[in-house]
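Any chance you could fold what I've pasted below:
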Amino acid sequence: MMYTQEQKQILVSTARSSIQHGLQSGKTIKINLKSYASELQNIRATFVTLKIAQSLRGCIGTLEAKHPLVRGVAKHAYAAAFRDPRFKPLSHDEFEKITLSISILTPAESIQFNSDSDLIQQLNANIDGLIIQSGHRRATFLPAVWDSLPDAEQFLSQLKAKAQIPPQEKLTEAWRYKAVEIHENEI
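All right, here's what the predicted structure looks like:
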């Protein structure tokens, strides 16, 4: 998945517009797919992450490809700003302070492993996003999380904590994926 600089700018602009529209109307922006290049209409799994001063302010997305890319970005930007249960809805004052990033995910592939240490050895730091599951508990870290958790053991232990899986409990399944990262402050 390769995107031109212009396409990246369109996606970032769409995410910002969706949040701004949400602040004004309480709804996500409507997307007319015919107005966008075919690459931006492809069905993709996406996440939108919001930060203020390098601290997480919201992150919402989907691991399965369900929406046309540009529509998913608009939907997830709105949800990250107003529907992330970890945070209050974004305020007008905060809107001026946020930086956003968009993650466009590849399909997840199953990882065969015998133990946490076996799984850790198979991870590609700074490349792999990871989904873990034990029973009905499941969580993911995007590849960008390696920036704040560069140690693979810590990466997995924090992901288990996020999924509310006790440290000693054996995982039943794991999947890896990659992502194209678009950072607003880099385009």
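
How far off centre is stretch 179-187?
Between the mean C-alpha location of stretch 179-187 and the chain-wide mean there is a distance of 12 Å, by C-alpha atoms, centre = their mean, to the nearest Å.

Give me the buried positions along that stretch.
Taking 16 or more other C-beta atoms under 10 Å as the neighbour-count basis, stretch 179-187 is seen to contain the buried residues Ala179, Val180, Glu181, Ile182, His183, Glu184. C-beta: built from backbone N, CA, C; applies to glycine.

Point out where the chain drops to low pLDDT.
Across the chain, nothing is flagged by pLDDT under 70.

tell me the centre residue of the chain?
Residue closest to the mean C-alpha point of the chain, counted by C-alpha atoms, centre = their mean, is Phe47 at 3.0 Å.

counting contacts, what elements does the single longest strand found in the chain pack onto?
The longest strand of the chain (DSSP state E) is strand 43-52. If you count contacts as 3 or more C-beta pairs under 8 Å, 6 or more residues apart in numbering; DSSP states H and E, strand 43-52 packs onto strand 55-61, strand 67-68, helix 69-82, strand 98-105.

show me the contacts for Cys59.
With contact set as C-beta atoms under 8 Å, 6 or more residues apart in numbering, Cys59 has these partners: Phe47, Val48, Thr49, Leu50, Ala80, Asp84, Leu142.

Break the chain down into its structural domains.
Per automatic domain parsing, the domain ranges recorded for the chain read 5-105, 109-178.

Single out the most deeply packed of those domains.
Most buried of the domains of the chain, by mean neighbour count (mean count of other C-beta atoms under 10 Å): domain 5-105, with a mean of 18.

Would you mind measuring the gap between the ends of that domain?
Using C-alpha to C-alpha, to the nearest Å, the end-to-end distance of domain 5-105 comes to 18 Å.

so where do the helices sit in this structure?
Taking DSSP state H as the criterion, the chain carries its helices at 5-25, 69-82, 92-95, 116-122, 152-162.

who wins for proximity to Gly135 among those helices?
Each of these has some distance to Gly135 by C-beta to C-beta; the shortest is helix 152-162, at 12.6 Å.

Check which helices and strands that closest one sits against.
Secondary structure elements in contact with helix 152-162, counted by 3+ C-beta pairs under 8 Å, 6+ apart, are helix 116-122, strand 129-134, strand 137-141.
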